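Engineer: sequence-free structure coming up:
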Ligand code: SAM
Ligand code: SF4
């Protein structure tokens, strides 16, 4: 499926819930966001149907995110359904790692072994300060368990001025002995209205810090659709990535479509949601009509995140919590 800028769109990111057990301050306020009633969330049957329709349009990769996906009851059932869909060669999950451990055997059994784990600091107190929960030990343990069980893990760390820039190198050092991509992300303005965005720590600043610590850092050739620019330190087992999520330098190869937990379609992270596919589906349309609607929506995908931002009417701060968008 091509958009109007000749980009192949074959990757869908689905937020399976807006709920979360952490309160990362760049994502949502301390008191949380007003959660949607369960009936407003896409059901598993609806998500599976959407995946089937998208699979027929050539989609091959899906990422389940949230909120915290493992907080949703029977999330494993959805994974089981998805693993049974032939079109999806690549099933990924983004998780905060606090509730995942007991599911490791089942994930392995389903062949779902690509997990992005969010961890913004290796210092317990700073982790607590950022997430507003004292779950550092659990998350780092999850990381080691996933590695021991042969999962392909990427770590996500949002880097913020005056908060955790001192963690960049200690986190990057995890790539020394582990085959992991450690990725540093620019903060984006999606925190549910908790705070005005303060000075952003840019991808350039992150890279400068990395180059200072690792003068022989090599840039690696990227894969199509990658948002991270990847680097390698000679002899390190893993890679280090920088994601210019706010500077938006990767839009020309964007291959993704997003679906929020209540079925809002986002053709770009920076648009305000362009169509509610849940309501459309619940009006009784056929699979064919759903497919045609997706084709129409994909053609609306803007050139880049700056163009999308211009169309974004800020009617609610809640839509602007990353916990609703899914990252
Ligand atoms: N709860 C899961 C987690 O934290 O991994 C999945 C959902 S979370 C919204 C997905 C990703 O978005 C996480 O890696 C998180 O760090 C990132 N994220 C959340 N808010 C962000 C923001 N304001 N700017 C940049 N990244 C953000
Ligand atoms: Fe929860 Fe993930 Fe948002 Fe943190 S980033 S509050 S873990 S949804």
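Structural biologist: Happy to help now that I have it. From a predicted model like this one, the values you see are computed outputs, not experimental measurements. Ligands and ions are numbered 1, 2, ... in the order given.

Engineer: closest point of the protein to ligand 1, which residue?
Structural biologist: Closest residue of the chain to ligand 1, Cβ to the nearest ligand atom: residue 327 (2.7 Å). For the C-beta atoms, the positions are set from N, CA and C on the backbone; glycine is no exception.

Engineer: hmm, stretch 114-127 in reach of ligand 1?
Structural biologist: Yes. Judged by Cβ under 6 Å from any ligand atom, stretch 114-127 and ligand 1 are in contact via residue 118.

Engineer: so how far is stretch 102-115 off the chain centroid?
Structural biologist: Remark: stretch 102-115 is offset 18 Å from the chain centroid, using Cα atoms, centre = their mean, to the nearest Å.

Engineer: ok so, going back, so who does the residue of the chain closest to ligand 1 touch?
Structural biologist: Neighbour list for residue 327: 13, 65, 94, 156 [criterion: Cβ atoms under 8 Å, 6 or more residues apart in numbering].

Engineer: so where does the last one fall, helix or strand?
Structural biologist: Under DSSP states H and E, the secondary-structure element containing residue 156 is strand 152-159.

Engineer: correct me, but residue 56 touches residue 87?
Structural biologist: Yes. Using Cβ atoms under 8 Å, residue 56 makes contact with residue 87 at a distance of 7.5 Å.

Engineer: The strand holding residue 156 - which strands sit beside it in the sheet, and in what orientation?
Structural biologist: Using DSSP bridges, strand 152-159 pairs in its sheet with strand 114-118 (parallel), strand 181-186 (parallel).

Engineer: So which of those is the most surrounded?
Structural biologist: Most buried of the strands paired with strand 152-159 by mean neighbour count (mean count of other Cβ atoms under 10 Å) is strand 181-186; its value is a mean of 24.

Engineer: what secondary structure does residue 93 sit in?
Structural biologist: With DSSP: H, G, I helix; E, B strand; the rest coil as the basis, the three-state label of residue 93 is strand.

Engineer: picking up where we left off before, what two of the contacts of residue 327 have the greatest distance between them?
Structural biologist: Farthest-apart pair in those is 13 and 156; separation 13.4 Å (Cβ to Cβ).

Engineer: all strands of the protein, in order?
Structural biologist: 11-15, 61-65, 90-95, 114-118, 152-159, 181-186, 218-219, 228-232, 239-243, 256-259, 264-266, 275-276 (DSSP state E).

Engineer: could the strands paired with strand 152-159 be laid out in a markdown table, adding mean pLDDT and distance to ligand 2?
Structural biologist: What follows is the strands paired with strand 152-159, written out as a markdown table (pLDDT from 0 to 100; distance: least, Cβ to the nearest ligand atom, whole Å):
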| stretch | mean pLDDT | distance to ligand 2 |
| --- | --- | --- |
| strand 114-118 | 98 | 6 |
| strand 181-186 | 97 | 10 |
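
Engineer: among the ones you listed, which is nearest residue 127?
Structural biologist: Per Cβ to Cβ, nearest to residue 127 of the strands paired with strand 152-159: strand 114-118, 10.5 Å.

Engineer: tilt between that closest one and strand 61-65?
Structural biologist: 30 degrees (axes from the mean of the first three to the mean of the last three Cα atoms, to 10 degrees).

Engineer: chain center to strand 114-118: distance?
Structural biologist: Centroid displacement of strand 114-118 relative to its chain, using Cα atoms, centre = their mean, is 9 Å.

Engineer: going forward can the numbers begin at 2, since that is how I track them
Structural biologist: Got it, first residue is 2 now, which makes that one strand 115-119.

Engineer: Would you mind measuring from residue 130 to residue 124?
Structural biologist: 9 Å (Cβ to Cβ, to the nearest Å).

Engineer: now swap in residue 273 and tell me
Structural biologist: For residue 273, the distance to residue 124 - Cβ to Cβ - is 36 Å.
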